[in-house]
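**Q** sequence first, then the predicted structure:
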Amino acid sequence: MRKAKNDPDLYFDYRDVKTMQRYVDAYGRIEPIAKTGLSQKQQKELTVAVKRARHLALLPFVS
């Protein structure tokens, strides 16, 4: 997985399912910061976006 910490313009939108699937493993769990390489702020944005997408049935809770 590509380290994205150097990309300050990285923004997660709950409607962009294709991007978020890169940060979710085969079991549907969000990857940790150590594996994604995101900053803490970016990881929190990712978490919120994934949870919103799950709530709207754009992403599955469990694969």
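**A** Okay, I see it. All figures in this text were calculated on a predicted structure; none of them were measured in a lab. Numbers count the residues shown, from 1 in each chain.

**Q** and the longest helix along the chain, C-alpha only, in CSV?
**A** The longest helix of the chain (DSSP state H) is helix 40-55. What follows is helix 40-55 as a C-alpha-only set of coordinates in CSV (Å, rounded to 0.1, in the frame of the first residue of the first chain):
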residue,chain,number,x,y,z
GLN,A,40,-3.6,11.0,12.4
LYS,A,41,-6.0,13.7,11.0
GLN,A,42,-6.2,11.8,7.6
GLN,A,43,-6.9,8.5,9.5
LYS,A,44,-9.7,10.1,11.4
GLU,A,45,-11.2,11.5,8.2
LEU,A,46,-11.0,8.1,6.6
THR,A,47,-12.7,6.5,9.6
VAL,A,48,-15.6,8.9,9.5
ALA,A,49,-16.0,8.5,5.8
VAL,A,50,-15.9,4.7,6.0
LYS,A,51,-18.5,4.7,8.8
ARG,A,52,-20.8,7.0,6.9
ALA,A,53,-20.5,4.8,3.7
ARG,A,54,-21.3,1.7,5.8
HIS,A,55,-24.3,3.4,7.3
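
**Q** what is it packed up against?
**A** Using 3 or more C-beta pairs under 8 Å, 6 or more residues apart in numbering; DSSP states H and E as the contact criterion, the neighbours of helix 40-55 among helices and strands are helix 17-21, helix 33-36. Just so you know, the C-beta spots here come from the backbone N, C-alpha and C atoms, and that holds for glycine as well.

**Q** convert the C-alpha atoms of the first one to PDB, please.
**A** Looking back up the chat, that one is helix 17-21. These are the backbone C-alpha positions of helix 17-21, laid out as PDB (Å, rounded to 0.1, in the frame of the first residue of the first chain):
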ATOM      1  CA  VAL A  17     -16.000   4.000  -2.400                       C
ATOM      2  CA  LYS A  18     -13.200   2.900  -4.700                       C
ATOM      3  CA  THR A  19     -10.600   5.000  -2.700                       C
ATOM      4  CA  MET A  20     -11.900   3.800   0.600                       C
ATOM      5  CA  GLN A  21     -11.700   0.100  -0.400                       C
END
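
**Q** give me the nearest residue to Gln21, chain neighbours excluded.
**A** If the residues on either side of it in the chain are set aside, Gln21 comes closest to Leu59, at 7.4 Å by C-beta to C-beta, 6 or more residues apart in numbering.
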